[in-house]
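*Asks:* pasted the sequence and its predicted model underneath.
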Amino acid sequence: MTTVIFLTSGEIDYSFEGVSLYDSIVATSLGIKFPSLKEGQERKIRSKVEKLKLEREKVTILSAQSKQADGTGRIISKLLGVPLEEDIRLNPILFDFREIMDEKEFISLGDKAFDVARPRFLKVFFENQLMETRLSVKARVDSFLKDYLESNKTVLAISHSFLMMILKAYLTGGDKVFVDYDLLYKLCQPEKRPFHFLSGFKVEISQSLKIKSIIMLE
């Protein structure tokens, strides 16, 4: 049995200098540029590590290649004295935010913009209208999990909320979530923010990919 902890990054500032918030989000969605961690995140990340009760001799730390995931991983790596490895399979699902929401609507919705955008994202994900098909996402998730099934260590994987939302649905509902949109929607609940900063879930998984438990981490 292997334990994998999927965790989002520390808090970030979406705005890039000299660029509107909307254009910054578009650049991030396309993978052109990723935001950095806000200042002062070390204390919050240290507190999270203490709550997780990670032991340096028994943990492997992995992160997506984005600045916020890598930055979070580097802080944890330094705290525990454990090397950080980047894993492309933890990278976000790339898409063009402009195809989901235009700037005028984004501005008019204000703080509710992402709550409206998430269900749209899930719909076009299921319809294979993003830069990556749903089956290719499944393939990289399966590949990642299988690589660590025989590990006797806890795997800490720092990734992104959209990918983690779909991953959790997959681990809960199995292969059917990739062919049954209603089930995928029910398990993802995209109208709600799936993960806040430095939150995620812990999963215990067998070598046959059988899930023993999934525990949410606030």
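*Replies:* Nice, thanks for sending it over.
*Asks:* pull the number of nearby residues for Leu135.
*Replies:* Other residues lying near Leu135 total 10 when counted by other C-beta atoms under 10 Å. Every C-beta, even on glycine, is put in place using the N, C-alpha and C of the backbone.
*Asks:* can I assume it sits in a helix?
*Replies:* Yes. Counting by DSSP: H, G, I helix; E, B strand; the rest coil, Leu135 is found in a helix.
*Asks:* residue nearest the centroid of this structure?
*Replies:* The centroid of the chain falls nearest to His160 when counting by C-alpha atoms, centre = their mean (2.1 Å).
*Asks:* how far away is that residue from Thr60?
*Replies:* 19 Å (C-beta to C-beta, to the nearest Å).
*Asks:* again with Ser143
*Replies:* From Ser143 to Thr60 the distance is 16 Å (C-beta to C-beta).
*Asks:* and the strands in this structure, which stretches?
*Replies:* For the chain, the strands defined by DSSP state E cover 2-7, 59-63, 84-86, 154-158, 200-205, 211-217.
*Asks:* just the C-alphas of the fourth one, formatted as CSV.
*Replies:* Output in CSV follows, covering the C-alpha atoms of strand 154-158 (Å, rounded to 0.1, in the frame of the first residue of the first chain):
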residue,chain,number,x,y,z
THR,A,154,4.9,8.6,1.3
VAL,A,155,4.8,10.5,-2.0
LEU,A,156,4.1,14.3,-1.7
ALA,A,157,3.0,15.5,-5.1
ILE,A,158,2.5,19.3,-5.6
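*Asks:* quick one: strands adjacent to it?
*Replies:* strand 2-7 (parallel), strand 59-63 (parallel) (DSSP bridges).
*Asks:* just give the nearest non-adjacent residue to Leu184, would you?
*Replies:* Ranked by C-beta to C-beta, 6 or more residues apart in numbering and with sequence neighbours excluded, the top spatial neighbour of Leu184 is Val177, at 4.4 Å.
*Asks:* pull the contacting residues for the residue lying closest to Ser29 once chain neighbours are set aside.
*Replies:* The shortest distance from Ser29 to any non-neighbouring residue, by C-beta to C-beta, 6+ apart, is to Phe97 (4.0 Å). Counting by C-beta atoms under 8 Å, 6 or more residues apart in numbering, Phe97 touches Ile25, Val26, Thr28, Ser29, Leu30, Ala117.
*Asks:* give me the local confidence score for the closest residue to Val26 other than its chain neighbours.
*Replies:* Leaving aside its chain neighbours, Val26 sits nearest to Phe97 (4.8 Å; criterion: C-beta to C-beta, 6+ apart). pLDDT, Phe97: 97.
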